[in-house]
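**Q** Need coordinates for the following:
(one chain, ligands or ions: 1)
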Amino acid sequence: MTADQIPAVQVHGVTKRFGEITAVDDVHLEVPAGQVLALLGRNGAGKSTLMEMLLGITRPGAGEIRVGGLAPQEASSRGLIGAMLQNGALLPEETVRSMLRLLHSLHARPLPLEEVAERADVADLMSRRIGKLSGGQMQRVRFAVALLGDPDVILLDEPTVGMDVETRRDFWVRIRHVARAGRTIVLATHYLQEAETEAERVVVLDRGRIIADGPGAEITRSISGRTLRVVGPSPAEVAALPGVSEAVADAEGVLARCTDSDAALRALLREHPQARGIEISPPSLEDAFLRLTEGAVR
Ligand SMILES: Nc1ncnc2c1ncn2[C@@H]1O[C@H](COP(=O)(O)OP(=O)(O)OP(=O)(O)O)[C@@H](O)[C@H]1O
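**A** This is a model prediction of the structure:
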């Protein structure tokens with residue numbers, strides 16, 4: 001295997017325990033260079049712990065991690081990894097420019113500051129005090145910090161929290177731009193919609209284990225069943241229809257999961273002619289996620 005064929009990230013049989021809690025449980029994962037991978041999981045699924053081990057902040061209890069073929073601590077100290085962690089401390093009294101300059105001077109082979117500002121869309125924030133930034137602006141600054149050292153692997157923990165829809169869309173355009181330049185991006189997110197549409201690969205973690213791995217559309221296809229929405233009949237009436245596995249009340253009417261949506265629809269129209277606002281939709285990544293992680297609430 002030549003240097004550029006080595007996966008950017010290799011995780012082999014990694015387990016991490018905190019006392020009784022197994023935060024990461026025998027995880028195997030290889031991420032090729034240039035891939036954008038979204039890590040999904042409920043609160044406490046182990047995403048941050050995995051990120052921290054990739055970054056070399058925490059060591060695995062068992063198994064091995066390589067980033068760019070090196071141990072994470074070594075890869076970090078050589079500037080091969082850039083990270084944006086959830087509550088990464090920024091200097092509230094400094095301006096964005098002075099903080100980025102300071103951090104810039106600490107890197108061995110930094111990107112020019114103007115290029116970082118452009119790539120992370122913080123040029124208009126440079127003279128602002130960090131403590132006065134909005135949540136979404138702060139996230140852009142954190143992204144800039146992650147890009148400063150021109151790292152090969154970029155780890156982002158919930159990078160789009162606090163961003164409005166437009167900023168989030170723009171952020172993803174930037175992410176793809178960075179990936180096209182050969183950088184590898186692993187990001188944790190709770191936004192299933194963005195993982196489905198924006199990331200080329202989705203890995204679902206549940207109680208520390210990988211329970212699904214592939215393009216969002218593939219994960220969605222792996223679960224069967226359509227969703228039926230209807231206004232009029234009660235949840236119990238909808239649940240009693242043939243082809244319906246369960247039905248619950250939602251904001252406007254009833255939301256049902258179907259094993260056979262054709263049979264359900266035929267019976268619905270026959271038995272409940274007052275039914276209206278009927279929608280049948282294929283499962284989304286959100287449905288798949290909920291189904292895969294069912295019962296995982298802790
Ligand atoms: N330093 C620690 N000491 C003890 N337990 C920890 C520690 N770090 C994480 N845990 C536990 O490990 C499990 C996984 O936590 P982790 O933060 O990795 O999950 P997560 O998927 O990132 O969650 P979230 O989406 O809420 O950020 C949780 O049960 C958490 O309480």
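
**Q** ranges for the strands of the chain?
**A** 9-18, 21-31, 36-40, 62-67, 81-84, 153-157, 184-189, 201-206, 209-214, 227-231, 244-249, 254-258, 276-281 (DSSP state E).

**Q** need these in JSON lines with mean pLDDT and distance to residue 174, can you?
**A** Yep, even glycine has a C-beta here, placed from its N, CA and C like the rest. Converted to JSON lines, the strands of the chain look like this (pLDDT from 0 to 100; distance: least, C-beta to C-beta, whole Å):
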{"stretch": "strand 9-18", "mean pLDDT": "97", "distance to residue 174": "21"}
{"stretch": "strand 21-31", "mean pLDDT": "97", "distance to residue 174": "19"}
{"stretch": "strand 36-40", "mean pLDDT": "94", "distance to residue 174": "11"}
{"stretch": "strand 62-67", "mean pLDDT": "97", "distance to residue 174": "22"}
{"stretch": "strand 81-84", "mean pLDDT": "90", "distance to residue 174": "13"}
{"stretch": "strand 153-157", "mean pLDDT": "93", "distance to residue 174": "11"}
{"stretch": "strand 184-189", "mean pLDDT": "93", "distance to residue 174": "11"}
{"stretch": "strand 201-206", "mean pLDDT": "94", "distance to residue 174": "18"}
{"stretch": "strand 209-214", "mean pLDDT": "94", "distance to residue 174": "24"}
{"stretch": "strand 227-231", "mean pLDDT": "94", "distance to residue 174": "33"}
{"stretch": "strand 244-249", "mean pLDDT": "92", "distance to residue 174": "38"}
{"stretch": "strand 254-258", "mean pLDDT": "92", "distance to residue 174": "35"}
{"stretch": "strand 276-281", "mean pLDDT": "94", "distance to residue 174": "31"}
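
**Q** how about these in TSV, adding distance to residue 120 and mean neighbour count?
**A** What follows is those, written out as TSV (distance: least, C-beta to C-beta, whole Å; neighbours: other C-beta atoms under 10 Å):
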stretch	distance to residue 120	mean neighbour count
strand 9-18	22	18
strand 21-31	22	18
strand 36-40	16	25
strand 62-67	22	18
strand 81-84	10	24
strand 153-157	11	24
strand 184-189	13	24
strand 201-206	23	24
strand 209-214	29	17
strand 227-231	38	19
strand 244-249	42	16
strand 254-258	39	22
strand 276-281	36	12
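
**Q** Distance to the ligand added to those strands, as CSV?
**A** Supplementary listing: those in CSV, determined by distance: least, C-beta to the nearest ligand atom, whole Å:
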stretch, distance to the ligand
strand 9-18, 3
strand 21-31, 3
strand 36-40, 8
strand 62-67, 15
strand 81-84, 14
strand 153-157, 7
strand 184-189, 6
strand 201-206, 6
strand 209-214, 12
strand 227-231, 25
strand 244-249, 24
strand 254-258, 25
strand 276-281, 27
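
**Q** can I get the ones you listed in CSV with distance to residue 132?
**A** CSV is the format used below for these (distance: least, C-beta to C-beta, whole Å):
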stretch, distance to residue 132
strand 9-18, 36
strand 21-31, 35
strand 36-40, 31
strand 62-67, 35
strand 81-84, 20
strand 153-157, 23
strand 184-189, 26
strand 201-206, 35
strand 209-214, 40
strand 227-231, 43
strand 244-249, 43
strand 254-258, 42
strand 276-281, 43
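
**Q** Run the chain-centre distance for stretch 147-159.
**A** Relative to its parent chain, stretch 147-159 has a centroid offset of 14 Å by C-alpha atoms, centre = their mean, to the nearest Å.

**Q** do the same with stretch 268-283
**A** In terms of C-alpha atoms, centre = their mean, the gap separating the centre of stretch 268-283 from the centre of its chain is 34 Å.

**Q** Ok, stretch 49-65 next?
**A** Stretch 49-65 has its average C-alpha position 18 Å from the chain's average C-alpha position, going by C-alpha atoms, centre = their mean.

**Q** Perfect, I'm done here.
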